[in-house]
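Colleague: Give me a 3D structure for the following:
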Amino acid sequence: MTTHIDRIPSQEHFDSRDYRERLQREAEEILFHPSLAHLLTVAAEEHNISEASIEALANTPDTYTYALTVAKLAKTILDRREGSGIERHQLRDDDLSSRMRETIRRTVNELHMTTETPVPSGSFEIAAVLGATVAPIAKRTDYLYDALEAGTANTSILIGLGAERRLLDVDTKYAHLYPYVSAAEVETELLAHAAQDWFTKNGYTAPVIDRSAPIETFTKDATLGSSHRIQTVTFEDEQSRPGWAPGMIINLSAPFQKTHHPRANTGETVRFLLALADLAPGDRLLFVSSQPYLLGQKFEIQRLCLEAGVEVEVAGYGIDSARLSASALGDEIAKATAKAAALYTALR
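Modeller: Next comes the predicted model:
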């Protein structure tokens, strides 16, 4: 792949030591949170996990071992999707007791996995919207563009990070709210249309989607393979671009190794971005997502960007946790805990 994203040099001082200490504090806030330990104890009782496992949590010799033990237990007890091939919205609570459901929801709230994380002020080399299904994509795009228009943050490059997955029923059922669903075939196109839609409904001239962007296929063998593309969204002339709007809008779909999901995950998508972008230590990147997924995504992105010395901020809107099953929320707690432990390890 020869295409790359040119970097705008950062003018801000970057103290890598202070930044690493901040990341460690953020990881510790979830790994050592008493509500997480309580949830695991309740879950172990509900699922007949051996007392030895919980005792191991209480008897760990140091904080690092404790963090890894917490993450392992969370995955064992709360991860309902690993290897199943099912989507989050398909998770049900049929086999969870009322006590377990209440404990999961209380823990999610106490870990601040439902509340808004506002877009921070300042300049960013790249601002990116993380892909999803149509409704979150539209809301995340609106959330970021509203902040850019208001002058809260600014960037010269805006990227939609998606996948070449085909649209699902959960996308098409919202066609009455997002009519552009009918003009899209894959997630990456939803990101492009969401950007267009924001400009149109806010009284601006809509940018134009480059529909000639080639889809490049990566195939390793019969079970490992994917496709990806780099697609631009541009204004027909400079006069039609608002002064605050990024000069470059790109949608990326990353290549990935097929496992139990037929699309790139957050890690594969961010690695693809880092491979294309011309970044330097001290550069700032902004990623916009939404709760309750934001915490796990934040820890993973921070870890992947550590080697490049790139500072990461993650923002997104909150949710009413009652709209999701307790199983789905528990799955996100397991994911966030695992990603926090991986970041904690990388910082050692």
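
Colleague: pLDDT below threshold where in the protein?
Modeller: 1-15, 47-58, 80-94, 211-228, 256-262 (pLDDT under 70).

Colleague: contacting residues for Gly318?
Modeller: Thr114, Thr115, Glu116, Thr117, Ser290, Gln291 (CB atoms under 8 Å, 6 or more residues apart in numbering). Heads up, the C-betas are built off the backbone N, CA and C, glycines and all.

Colleague: give me that answer again for 6 Å
Modeller: Thr114, Thr115, Glu116, Gln291 (CB atoms under 6 Å, 6 or more residues apart in numbering).

Colleague: Quickly note the distance from the residue nearest the centre of the chain to Ala336.
Modeller: For the chain, the residue nearest the mean C-alpha position is Gln297 (4.0 Å; CA atoms, centre = their mean). Distance of Gln297 to Ala336, given as CB to CB, to the nearest Å: 9 Å.

Colleague: again, but for Thr60
Modeller: Applying CB to CB to Thr60 and Ala336 gives a distance of 20 Å.

Colleague: try Thr63
Modeller: 18 Å.

Colleague: For Ile209, the count of nearby residues, please.
Modeller: 20 (other CB atoms under 10 Å).

Colleague: Got phi/psi on it?
Modeller: phi -80, psi 130 (degrees, to the nearest 10).

Colleague: From what I see, it and Val233 are in contact.
Modeller: Yes. Contact criterion CB atoms under 6 Å: Ile209 and Val233 qualify, at 5.4 Å.

Colleague: Find the residues that touch each one of those two.
Modeller: In contact with both Ile209 and Val233: Ala192, using CB under 6 Å, 6+ apart.

Colleague: Which strands or helices does the longest helix seen in the chain pack on?
Modeller: Identified as the longest helix of the chain according to DSSP state H is helix 326-346. For helix 326-346, the elements it packs on are helix 16-31, helix 63-78, helix 98-110, helix 294-306, judged by 3 or more CB pairs under 6 Å, 6 or more residues apart in numbering; DSSP states H and E.

Colleague: List of residues touching the last one?
Modeller: Read that as helix 294-306. Contacts for helix 294-306 (CB under 6 Å, 6+ apart): 23, 113, 266-267, 270, 287, 289, 312, 314, 316, 335-336, 339-340, 342-343, 346.
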